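# Below is the sequence, then the predicted model.
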Amino acid sequence: MKNRLVDYGLIALLFSSSLSAASVRSQVSLLEASENIRLESQEIVKNYLYFYSNHKKKYKKSLAKKGLSSLDKQFRLIAKSTKDEDSKDILAFLDYSKENMQNVLDDPFNKDNLAMMIEYSEVLLEGAESISKNLNYEPTTEEIMLMKMKDISFLIERMTKYYMAIMVESDSENNLEMLNESIVRMEDDLLSLKEYNYSSKNIEHLFDLQNNWQALKIFYLNHKTLKLPSIVLLASDEVRNNALVLETYHSKNQ
């Protein structure tokens, strides 16, 4: 009888551990999907705005549509991974916003659509951040650093989005405010990276990231005189590539 009780106890422990591991995987999946939505919410509109001001750059419209398809993938992942009713309600509204963005891309040169696209991107951003805040998960140090690198990529896309918006509508105080706010956040993120004990090789990658960021920041800060969206796109891609190197390191180091 005693041995049987021990067996039942082991089975219960293993079952509990299995449920706990499954819960952690689900929480991590939700966190990753939320981060992907944050990034794509900015990247889609950045590409749209560049296409709006450069009608011949049709590949940017294609990239925006590809981003919308990627959002569908993230939405399905969240729907599969969460049982939280609030998150499901948010997800339904995000899908509605995504459909409206698709409608804008079907009629891309209507000037009224500019503000709508920016608004929809902010809805997606707010929703993704709300879903991640509902998670009961304590990330590890490496996961925190990974999220920091993802935040840097997100901010690059966000700043470039608002730079492109200013190129189209230079009198929008809100676009300028959002750009400046993101610049401050970027500086804070980069400063926090100095606290991590990187290897000498990765310190070189960090220096590349910091140096290329300083060059890119000049364009953001001097948007009135440096109206060079094509160069800003190239420069921002370079900074994102620098960030991706360290993001890959932290992802493998979990």
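Great, that's in hand.

# From residue 147, how far out is the residue nearest to residue 28 when sequence neighbours are not counted?
For residue 28, the nearest residue in space outside its immediate sequence neighbours is residue 137; the separation is 7.1 Å by C-beta to C-beta, 6 or more residues apart in numbering. Where C-beta positions appear, they are placed from N, C-alpha and C, glycine not excepted. Going from residue 137 to residue 147 by C-beta to C-beta, to the nearest Å gives 11 Å.

# Need the residues touching each of these two.
Common contacts of residue 137 and residue 147, defined by C-beta atoms under 8 Å, 6 or more residues apart in numbering, comprise residue 31.

# if we can go back for a sec, surely the residue nearest to residue 28 is in contact with residue 31?
Yes: assessed by C-beta atoms under 8 Å, residue 137 is found in contact with residue 31 at 6.6 Å.

# which of those two has more neighbours?
residue 31 (20 against 13; other C-beta atoms under 10 Å).

# Ramachandran angles for the more buried one?
phi -60, psi -40 (degrees, to the nearest 10).

# Leaving out the residues flanking it, which one is nearest to residue 202?
In space, and not counting its chain neighbours, residue 202 is closest to residue 249: 6.0 Å by C-beta to C-beta, 6+ apart.

# Could I get the full set of helices for the protein?
In the chain, the helices defined using DSSP state H lie at 2-53, 58-81, 85-106, 112-133, 141-168, 173-193, 200-221, 229-252.

# Give the other helices and strands that the second one contacts.
Using 3 or more C-beta pairs under 8 Å, 6 or more residues apart in numbering; DSSP states H and E as the contact criterion, the secondary-structure elements in contact with helix 58-81 are helix 2-53, helix 85-106.

# okay, and for the stretch 151-254 of the chain, where does confidence drop off?
In the predicted model, the stretch 151-254 of the chain carries no residue with pLDDT under 70.
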